[in-house]
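In: quick check, what structure comes out for this input:
(2 chains)
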Amino acid sequence: MMEEIIKFLGLENNVGQNAVMLDKSLFRLLESKKPECTVYAIDGGSATIIDGATWCISKLKVGVVSYKNGKRLSEKVEGFMLGISKNKNKLSSKLQPHIEGFRLESGKSSMEDLENASRSILEWLKLRQLVLQANKGDIILRDGAFSSDDAYEKSLINGVIELCKQKGIHLVGICKTSRASTPGGRPLIGMLNEFSSKEFHDKKWIYDEGGTAIAKLHEKSDFCFRIESSHVNLLPNALSHICYYSTDPEFIGYPYPLLKADKIARVRDFEKNNDNRKAKMLAKSLGNQFMEFDERATLVHDMLDKRAYR
Amino acid sequence: METIGKVIGGTVGGKVHIRLKSDAKVHVGDLVTCSDVTNEVYFMKITNVMISSLIGPQFIEDMAGQKLEYDVDYELFDQKDRFYRIAEAKLLKIRSGSSFLQPRAIPNFFSDVSPIDSANFSFVNVKGEIPIGSLRLGTESISGVKISLPAESLISHHMLVVAATGKGKSNFAKVFLRGILNLEKYSAVIFDPHNEYFGGRGAKGLRDHPLRKKIVYFSPRYQEVPTAEQLKVYTEDLEPDDFFGIINLSDTQQEAMDLFRRVYGKPWIRELLNKPTESIFEEFGQRIHKATIATLKRKMYHALELEGSKGLVFDTASKSEASIYDKVKKSVSERKLIIVDTSMVGEETEKIISASLLNRIFTNYREAKQRDPQEFNNYPEVLVLFEEAPRVLGSEVLAEGTNIFERIAREGRKFKVGLCAITQMPSLLPREILSQMNTKVILGLPAPMDRDAVVNSASQNIADESAEIQMLDKGEAIITSPFIDFPLPVKIFHFDKVLEEDNKNKQITLTPVIGIG
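Out: Numbers count the residues shown, from 1 in each chain, chains lettered A, B, ... in the order given. Below is the predicted model:
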C-alpha cells in the first residue's frame, strides 16, 4: 500500500528528482559573530478558550525578548482576549484590551482564520512599537514571513519595513515552514538540505537566488529556514550574528531568542483551562447561562481525545 | 538576610520543596529558615538537593549527547532560567512569637528562604553539661554555637555511637569522656581494646587532661606507666555467671560450672584446672561426663589465656591482695574514670574481664538500691563504654543466651548504670537493643544495612537524613535522642584541641552548665 504511494509521489509526480540542479555559486558560507547590538525576538500565540459553535473566546499573546552580549535584557508578554461571533454567516469580533491600530478586514471565512489574522496583526502592531524603541543597528527577529493575504495587514507590514529602513534596524523573518518548490516540483528546502549535506557538510551557509534566501544557521543542525529581511544587502552580516544566537543545544540551528519568545507567547493548557472556568463563572454571575450549554456543541471531540488510548 | 531560594511546594508530613537561586551554596544538612505572611518563622533542614529543568528529560539527554558524540560547539543561553536546583527540606520547628512549636504548618508558595543566621539559633534548644561540638550547617560548623549534651539524661539511658572506620568514633568517645571528667557527678568505666583512651606513645589521651588524677588506669603493662594499676584478676573472684553468654557454653557445661562453684567454693577454677579429669569425674559421683570436664578445662585455659597457673591477666593462685573488682567499685563510688586496657589480651579474655567487672558494678548498684534507697541516691551515675558492641550484644551472641551487657541494656537505667556501645555495624545488633540505646551518635555510615538499622531505631524520624548520614565526613555527626527536639547536626570537637584548651585553663570549673551560645 505504502509502496504504491511512494511510487506515486516520486515517479509519477516527479518530486523525487535528485538535488543536482542547484547552482553551487549561490551558496555563501556564514561565520558566527557575537553581536554588540541588541537582538530582539517577537512571536505570537493564540488558543480558543471556549468554542460555542457560533461564537468563541480566544486568548492571544505576543511575547518580546531582547538579548545583548548573550544575556537576556528583557522579557515581556502581553495577553489579549478576542471574542468572535457568527451571525447569518457574518463574523464580528471584539478585542480586549483595545490596541491602537487594531483592525480586521471582513471576509474571513472561519472563526479560526479570524483568530489567526488577529494574532498576526497584533504581532505587527507590537513589532511597530518595538521598532520605534529599538536603536540603529539592532536586529529584530520575527517568526514568519513578511507577507499576508489581508490588505490591512499588508499595509502594516510595509509600514514596519519602511520604518526599519528609516531607523537602520534590521528586521529578519525566520520562516519555519516553506512551501517554495523547484520548477521540477520538489520543495526547495528539501532540495537544499540534500544538496548541502553533500557539498557543505558541517558548514553554515546562506543560499540566495535573489528574492528567496534560505539559510542553515548551525553546522550541526538538520534544518534550514527561509529568511526574509528588511535589508537584503546586510543579510549575511545579520545572519552571522543570528548564527551566534543559534548555538543553544535545546534547538541547535534555531535562534534562541525566537525559541524563548515562542515559549512565553504560547497559550498553555493550564491558562486555557483557567480562563475557560473564569469565563463561565463570570457569565453565570452576569446572568448568562448560555456558555456551558453552547460549549457542548463542540466539546465531544475533546472528550473523546482525552479518553483515547495513547 | 540573603535569599537563597523560594518555596515552591511540599507537605507538612513530607518535605518542603525549594527552588534555589543559581549562585546559592546549599548542601545537604544545611539549616535554613523562612517566614511568610503569617509571620511565623519556619526552621528547616536541607535533606536533598537535585538538579531540574523545565526542558523535558529526553531533550536534555540529547543536548548532552550533542557535545559528547559530535563535539557540537554550543552555548547555553538563559542557563539560570532553564537549569536550576531544587532542594528538599524537612521542617524542624516553627517559631510563633516567642515560642517554638512542632511543625504542623507549612510556609506559603514563594516564601523567601534564607540561610540560618546566628540570631536564629535559639531554636536549637539543647541544654547540657557535656560539650561535644559545634552546630553544623552541611559541611560548615558554626563555631559560635556550641552543642552540649545533658549528661544525666544521656548516661543512664544508654548511648550508641555508630560510624564506619575512620569517621571519628574514638575522637567522639574521648571528647565525651573529657566532658564527664570535667564534671564531678559521674563515673565511667571504659574498656579500651586499642589502648587509645588513656593515651601515650605520642597519642593524646585522657591522661593528658589536667584532671588526670580522677583517672584510674588498669593495664597489664602497668610497669610502663607510673600511675597505672596492674590489670590482674584472680580466678577466685570469677563466678560462673561471668562466663555465661560471653563464651560459647552448652547447657551441660553451664550446669557443670555451677556445680563446681557450689562444691569447690571460690577456688573452683583452680580445682577444675589442677585436678585430673578422672578424679573430678569420681569426685562428682560420675554425674558429670568426662568429656564435659575435659572440654571445660580446655575452654578455661583458652578463655583465660593461662600458661600453667597464670596468664597475662588471670591468676589461679590464692588471692594475696585486694581484688580488681573492689578497686573498681571504690573508684566508681569516688566518681572516677576507670580505663581498662585490654589491648594485649584476646577477644574472649577481654569479654570475660569486661563482663565480670560489669557484673560486680551492676550487682553492687542493684543491691544498694534494694538495701538502702536513700544511700543509693548518693551513688553516681556510671557510664560503661565499650567498643565492638556486636561481640557482646550482637543478635548471634544473644541467641546463645543472655549476658550482663544485655541485662544492663534492659535494666541499667533503673540502677543508674548506662552503656555507651560503640560499633561500626549496628545492623548486627537486635532491634530491641538498638531501641534501648536512646541516644544515638551517628557518624558516617556508608553501608545501607547499617544506616537502615540506625534510622529504624532512632528516637526521631531520621529517614530523611539517610543520605546525609551516608555523606558525613570525619567528625561530622547527627545526634538523635529523646532529650533533643530534632536530629542535631554536629561537628564534633577535635579531642586534641579541647584538651589544649583545658590545659590552658587549668582551673577547670567543675559542673559548668553550658547550653547554646
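In: in its sheet, what does the host helix or strand of B:Ile86 sit against?
Out: Taking DSSP states H and E as the definition, B:Ile86 sits inside strand B:83-96. Paired neighbours of strand B:83-96 in the sheet (DSSP bridges): strand B:16-20 (antiparallel), strand B:41-53 (antiparallel), strand B:99-101 (antiparallel).
In: export it as PDB, just CAs?
Out: Presented in PDB, the C-alpha positions along strand B:83-96 are these (Å, rounded to 0.1, in the frame of the first residue of the first chain):
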ATOM      1  CA  PHE B  83      18.700  24.600  34.500                       C
ATOM      2  CA  TYR B  84      18.400  25.000  38.300                       C
ATOM      3  CA  ARG B  85      18.500  23.200  41.600                       C
ATOM      4  CA  ILE B  86      15.600  22.100  43.800                       C
ATOM      5  CA  ALA B  87      16.200  21.400  47.400                       C
ATOM      6  CA  GLU B  88      14.100  19.200  49.700                       C
ATOM      7  CA  ALA B  89      13.900  20.400  53.200                       C
ATOM      8  CA  LYS B  90      12.500  18.900  56.400                       C
ATOM      9  CA  LEU B  91      10.500  21.100  58.700                       C
ATOM     10  CA  LEU B  92      12.100  21.200  62.200                       C
ATOM     11  CA  LYS B  93      10.400  23.900  64.200                       C
ATOM     12  CA  ILE B  94       8.100  26.800  63.800                       C
ATOM     13  CA  ARG B  95       8.600  30.000  65.800                       C
ATOM     14  CA  SER B  96       5.400  31.700  66.600                       C
END
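In: tell me the mean pLDDT for that strand?
Out: On average, the pLDDT along strand B:83-96 is 93.
In: tell me how far it lies from the chain's centre.
Out: On the basis of CA atoms, centre = their mean, to the nearest Å, strand B:83-96 sits 29 Å off its chain's mean C-alpha point.
In: helices of the stretch 51-200 of chain A, start to end?
Out: A:111-133, A:151-167, A:188-199 (DSSP state H, counting those that start in this stretch).
In: would you tell me whether the shortest one gets close to chain B?
Out: It stands for helix A:188-199. No - Helix A:188-199 lies apart from chain B when judged by CB under 8 Å from any CB of the partner chain; the minimum separation is 14.5 Å. In this view, the C-beta of every residue, glycine as well, is placed from N, C-alpha and C.
In: buried ones in that helix?
Out: For helix A:188-199, burial by neighbour count (16 or more other CB atoms under 10 Å in any protein chain shown) applies to A:Leu188, A:Ile189, A:Met191, A:Leu192, A:Asn193, A:Phe195, A:Ser196.
In: that older thread, quick one: which of the strands paired with strand B:83-96 is nearest B:Val28?
Out: B:Val28 lies closest to strand B:41-53 among these, at 5.6 Å (CB to CB).
In: for the stretch 151-300 of chain A, give me the ranges with low pLDDT.
Out: The model of the stretch 151-300 of chain A has no residue with pLDDT under 70.
In: which residues does whichever residue of it sits closest to chain B contact?
Out: The nearest approach of the stretch 151-300 of chain A to chain B comes at A:Pro249, 3.8 Å away (CB to the nearest CB). Neighbour list for A:Pro249: B:Asp62, B:Met63, B:Gln66, B:Lys67, B:Val72, B:Tyr74, B:Leu76 [criterion: CB atoms under 8 Å, 6 or more residues apart in numbering or on different chains].
In: what sits closest to the third one if chain neighbours are left out?
Out: Leaving aside its sequence neighbours, B:Gln66 sits nearest to B:Val72 (CB to CB, 6 or more residues apart in numbering or on different chains; 4.1 Å).
In: A:Phe223 too?
Out: Spatially, and ignoring its direct neighbours in sequence, A:Phe223 is nearest to A:Gly253 (5.5 Å; CB to CB, 6+ apart).
In: then stretch B:130-140 to PDB, C-alphas only?
Out: As requested, the backbone C-alpha atoms of stretch B:130-140 are provided in PDB (Å, rounded to 0.1, in the frame of the first residue of the first chain):
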ATOM      1  CA  ILE B 130      28.900  17.900  78.200                       C
ATOM      2  CA  PRO B 131      30.200  20.000  75.300                       C
ATOM      3  CA  ILE B 132      30.800  17.800  72.300                       C
ATOM      4  CA  GLY B 133      30.900  20.100  69.300                       C
ATOM      5  CA  SER B 134      29.500  22.900  67.300                       C
ATOM      6  CA  LEU B 135      26.300  23.100  65.400                       C
ATOM      7  CA  ARG B 136      27.000  22.000  61.800                       C
ATOM      8  CA  LEU B 137      25.400  23.500  58.700                       C
ATOM      9  CA  GLY B 138      26.100  21.000  56.000                       C
ATOM     10  CA  THR B 139      29.800  20.900  55.800                       C
ATOM     11  CA  GLU B 140      30.500  24.000  57.800                       C
END
